[in-house]
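Q: Sequence plus the predicted model coming up.
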Amino acid sequence: MTLGIMAGLWGENDSQGDPSMLWTVDLNGWIYEARITIPGQANYHAYPLLPSDALARLVIARFEEWISNLTASELLSYPNALVSMQAAQVKYK
């Protein structure tokens, strides 16, 4: 989830201040959506989005925007970001 958090891939905060949903992209291009299960304890349950899920394109667009705004040195801090994005672009086209 770290990559998704760094990329700002989260939904609105619940009453305890935790994001109600988080998204991340793994090295194989799978996008995972995590929904909060225990508010106040930041406990989430995640599952992969299907390639046909329209939400995937929105997550990829936000992820691409985050990557495009990174400086070269920042991008070095996230070596898997480009690989994950490219794999997701193929999987969810």
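A: In hand now; what should we look at?
Q: In this protein, which residue is most central in space?
A: In the chain, the centroid-proximal residue (Cα atoms, centre = their mean) is Thr24; its distance is 2.5 Å.
Q: Looks to me like that residue is in a helix.
A: No. Under DSSP: H, G, I helix; E, B strand; the rest coil, Thr24 falls outside any helix and is assigned strand.
Q: Arg35 bridge partners, please.
A: Going by DSSP bridges, Arg35 is paired in beta bridges with Met21, His45.
Q: ok, it to Gln41 distance?
A: Distance of Arg35 to Gln41, given as Cβ to Cβ, to the nearest Å: 14 Å. (Glycine included, C-beta is placed from N, CA and C.)
Q: The two: which has the busier surroundings?
A: Arg35 (13 against 10; other Cβ atoms under 10 Å).
Q: show me the contacts for that one.
A: By Cβ atoms under 8 Å, 6 or more residues apart in numbering, the contact set of Arg35 is 20-21, 44-46.
Q: I'd assumed Leu27 was in contact with Lys91.
A: No. Taking contacts as Cβ atoms under 8 Å, Lys91 lies outside contact range of Leu27: 11.4 Å.
Q: Among these two, which residue is more densely surrounded?
A: With neighbours defined as other Cβ under 10 Å, Lys91 and Leu27 compare such that Lys91 has more, 17 against 11.
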